[in-house]
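Trainee: Have a look at this fold, sequence not included:
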């Protein structure tokens, strides 16, 4: 059985984008125990309590349809739940690698059921703080 945290080059997708500043809500959600436990189970390590937002380059926008197909066919369900009287929506995640600062970082691309982002803004969860090796405005590549 293939290891989902090892790169697999068969029939995969590569996107390039720019790291952009988020609004700060992703990190609050990642830190909620109900989500954090699920991300840890999938990643094999505790997630960094934040997300990385990447704006896909316009030349790669046609690939977003393929990304939707991958989400439908091989996406991992992140269950929604209730906690302290609040409802948290489910999400779908895809294993990916972010190439930034010369490093290949195992991560998850997360598609929350409810989001403020347009389709060309991707939200990444990782056990590593990717901004330790890259900066806002840097170009990164995402492999699926």
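Mentor: Received the coordinates, thanks. Because the structure is predicted, anything quoted here is derived from the model rather than measured.

Trainee: Not counting residues beside it along the chain, what's closest to residue 128?
Mentor: Among residues not flanking residue 128 along the chain, residue 105 sits closest, at 5.2 Å (CB to CB, 6 or more residues apart in numbering). Any C-beta I mention is one placed from the backbone N, CA and C, and that applies to glycine too.

Trainee: in the sheet, who's paired with the one you found?
Mentor: residue 98 (DSSP bridges).

Trainee: distance of it from residue 125?
Mentor: Look at residue 105 and residue 125: by CB to CB, to the nearest Å, they are 11 Å apart.

Trainee: before we move on, the earlier item: count of neighbours near the residue nearest to residue 128?
Mentor: 22 (other CB atoms under 10 Å).

Trainee: just residue 33 next, same as before
Mentor: Residue 33 - counted by other CB under 10 Å - has 9 other residues nearby.

Trainee: Let the chain start at 57 from now.
Mentor: Okay, residue one is now 57; in that scheme the one you just asked about reads as residue 89.

Trainee: List the residues that contact it.
Mentor: Residue 89 is in contact with residue 139, counting by CB atoms under 8 Å, 6 or more residues apart in numbering.

Trainee: And the pLDDT for it?
Mentor: Looking at residue 89, its pLDDT stands at 95.

Trainee: Now it. Its backbone dihedrals?
Mentor: Residue 89 adopts backbone torsions of phi -50, psi -40, taken as degrees, to the nearest 10.

Trainee: got the contact list for the lowest-mean-pLDDT helix or strand in the chain?
Mentor: Of all helical and strand segments in the chain, the minimum by mean pLDDT, DSSP states H and E falls on helix 81-87, at a mean of 92. Helix 81-87 has contacts (CB under 8 Å, 6+ apart) with 91-92, 95, 103-107, 109, 144, 168, 172, 179, 181.

Trainee: How far does it sit from its chain's centre?
Mentor: A distance of 12 Å separates the centroid of the chain from that of helix 81-87, by CA atoms, centre = their mean, to the nearest Å.
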